[in-house]
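In: give the three-dimensional model of this entry:
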Amino acid sequence: MPRYGRLGLPLYEAMYSMRAIRRMRPDPISDEDLEIILDAARQAPNGGNAQPWHFLVVRGEQEKATLAELYHEAWWAKRADQGMEGRDHPGLQNPVSRSAMRLADEIGGAPVMILLCATGPGAGNAQSVIPSVQNLLLAARGLGIGGTITTLHPVVDARVKTLLEIPEEAQVVYCIPLGYPRGRFGPLNRKPLKEIVSEDKWGATPDWIE
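Out: Residues are numbered from 1 along each chain as shown. Presented below is the predicted three-dimensional model:
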């Protein structure tokens, strides 16, 4: 069993400081830490305990460089779908979009990229693997490692599968870069509970929320 005792960070501290990390140092992540992170991921709940997931760790320089090029193409393909072409588009001027754009340029510098795949087709399989991402990122946070959830695009799907010899029936659900952050974790900027929680009827704010 991996040395899960190293995950000593209190759960509340991990949850309340785990923001999306898009700027990462190139320092390598050890095999031991990757095993801890992925073992935590496989503990996640999933439909019928079918565990229809496969975690493809990409660390080889050639594979990572090619995957980074495909990710960059996929990122801009998604922006084109949204009618946002070119770096100067007004929709790409907010801080989050600029950060995501920078990640598209720099993702190949992350020491590890993990493709979370569903081992069979269909929305049910894809949905069943999603909870494992939270476990993965929480375990990474406990080790001082950051990451973020990203997706690819159909325009690159076949080439990603060919590059990494992914079976045709498998689905690439997420692409998760991992690395030690440049900067720090947290604090988080989230909407207050009273804006996002109702009781019994939509819009009825519970009186137990401050």
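In: where in this protein is pLDDT low?
Out: Where the chain drops to pLDDT under 70, the residues are 1-2.
In: what's the following helix or strand after the longest strand belonging to it?
Out: Ranked by residue count and defined by DSSP state E, the top strand of the chain is strand 171-179. Of the helices and strands lying after strand 171-179 in sequence (DSSP states H and E), the nearest is helix 193-196.
In: residue 204 and residue 194 touch, don't they?
Out: No: the criterion here is C-beta atoms under 8 Å, and residue 204 misses it with residue 194 at 11.0 Å. Placement of C-beta: from N, CA and C, glycine included.
In: about what we covered before: helices and strands around the longest strand of the chain, which ones?
Out: Applying 3 or more C-beta pairs under 8 Å, 6 or more residues apart in numbering; DSSP states H and E, we find strand 171-179 packed against strand 112-118, helix 123-129, helix 131-142, strand 146-147, helix 154-164.
In: just name the most buried of these.
Out: Mean neighbour count (mean count of other C-beta atoms under 10 Å) peaks for strand 146-147 among those, with a mean of 26.
In: so which bits of the lengthiest helix in the chain are buried?
Out: Counting residues, the longest helix found in the chain (DSSP state H) is helix 61-81. Going by neighbour count (16 or more other C-beta atoms under 10 Å), the buried part of helix 61-81 is 64, 66-68, 70-76, 78-79.
In: touching it from outside, list them.
Out: For helix 61-81, contacts defined as C-beta atoms under 8 Å, 6 or more residues apart in numbering pick out 58, 85, 89, 92, 100-101, 104-105, 107-108, 110, 113, 150-153, 155-156, 159-160, 163-164, 175.
In: need the helices and strands packed on strand 171-179 in TSV (columns: distance to residue 23).
Out: Output for the helices and strands packed on strand 171-179, formatted as TSV (distance: least, C-beta to C-beta, whole Å):
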stretch	distance to residue 23
strand 112-118	15
helix 123-129	26
helix 131-142	15
strand 146-147	9
helix 154-164	23
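In: quick check: closest non-adjacent residue to residue 161.
Out: Nearest non-adjacent residue to residue 161, counting by C-beta to C-beta, 6 or more residues apart in numbering: residue 168, 6.8 Å away.
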